[in-house]
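Trainee: Give me the fold of what follows.
(one chain, ligands or ions: 1)
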Amino acid sequence: MDQPSIALIYGTDTNNTEEVGTKIVSQWKDLGVEVEMHNIKDIEVSQLEDYEMLILGIPTWDFGGIQEDWEELGDALSELSLADKTIALYGLGDQFGYGDYFVDAMGWLYEKLAPTQATFIGEWPTEGYEFEASRACIKDKEHFVGLAIDEDQQFELTDQRVEQWVIQLYAERAVEAA
Ligand SMILES: Cc1cc2nc3c(=O)[nH]c(=O)nc-3n(C[C@H](O)[C@H](O)[C@H](O)COP(=O)(O)O)c2cc1C
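Mentor: Residues are numbered from 1 along each chain as shown. This is a model prediction of the structure:
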C-alpha cells in the first residue's frame, strides 16, 4: 500500500460529530489522503486495530457524560493492541452551556486509550475558548488533548479549526513516520 491506512471513527447522538467528521475527511482528501469513515456503533471494537492511524470523534452529553456507543466499549478500549499506532482525537461540546464539563468525553477517551501506548498527536490550544473546566485538558489548561469543536456557540469557527488541525496532523504524522 502506498499510503498508510487512516480511519475516522465517531460516535454521535445528534449528528454534529458526524458532520465535523465529514469535514475532516474532506480536508484530508484535499491533501491527497483517503480516510475511511465509520460510526463506532457499526463496527467491532477490534477493527480499530486495522489501521495505522485513527482519528476518533466523541461528543459530551449530560454534564460530562460519555456518548453512549463509546461508553459501552469502556475498558475494551484499553485492551486494544495499538502500541505502534497513531491516534488523534476530536471532541464536540458546548462551552457556554456546559463550561464546567467542556468536551469532557474527549478526555475520557484519551484516558481509556492511553494504556495502549499509542502515540497521540493533534493537541489543540485552549486559546479562543471560554470555559471553567475540562477533563480534556490533560497536561495543563493551555491545551486540549485533541481538537475541541463547539457547534453550539462557535460554529462559524469550525471550518477554519478543522482546516488548521488537519494540516497540523499531516505535519505531525510525517514527523512520527520519519
Ligand atoms: C442535554 C445536553 C447536555 C450536554 N452536556 C454537555 C457537556 O456536559 N459538556 C459539553 O461540552 N457539551 C455538552 N452538550 C453539548 C453537546 O456536546 C453538543 O451539542 C454536541 O455538538 C453534540 O454532538 P452530537 O450531535 O454529535 O451528539 C450537551 C448538550 C445537551 C443538549
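
Trainee: List the buried residues in the top helix by length along the chain.
Mentor: In the chain, with assignment by DSSP state H, the single longest helix is helix 158-177. Within helix 158-177, the residues scored as buried using 16 or more other C-beta atoms under 10 Å are 158, 161-162, 165-166, 168-169, 172-173. Using the backbone N, CA and C atoms, a C-beta is placed for each residue, glycine as well.

Trainee: Give me the distance from that helix to the chain's centre.
Mentor: 12 Å (C-alpha atoms, centre = their mean, to the nearest Å).

Trainee: Could you do stretch 85-103 as well?
Mentor: Taking C-alpha atoms, centre = their mean, the mean C-alpha location of stretch 85-103 is offset from the chain mean by 8 Å.

Trainee: and the gap between residue 117 and residue 85?
Mentor: Between residue 117 and residue 85 the distance is 9 Å, computed by C-beta to C-beta, to the nearest Å.

Trainee: Between those two, which has more neighbouring residues?
Mentor: It is residue 85, of residue 117 and residue 85, that has more neighbours when counted by other C-beta atoms under 10 Å, with 20 against 11.

Trainee: Name the nearest residue to that one, sequence neighbours excluded.
Mentor: Excluding its sequence neighbours, the residue lying closest to residue 85 (C-beta to C-beta, 6 or more residues apart in numbering) is residue 118, at 4.9 Å.

Trainee: Need the pLDDT of the one you found.
Mentor: Each residue has a pLDDT score; the one for residue 118 is 98.

Trainee: Just confirm yes or no for stretch 109-127 near the ligand.
Mentor: No: in terms of C-beta under 6 Å from any ligand atom, no part of stretch 109-127 sits within range of the ligand; the closest distance is 13.0 Å.

Trainee: Please disregard the earlier target; I meant stretch 162-178.
Mentor: No: in this structure, stretch 162-178 remains apart from the ligand according to C-beta under 6 Å from any ligand atom; the gap is never smaller than 13.9 Å.

Trainee: List the contacts of that stretch.
Mentor: Counting by C-beta atoms under 8 Å, 6 or more residues apart in numbering, the neighbours of stretch 162-178 from elsewhere in the structure are 4, 20, 23-24, 27-28, 31, 33, 53, 55, 86, 88, 90, 119, 121-122, 124, 147, 149.

Trainee: Right, I'll call it a day here.
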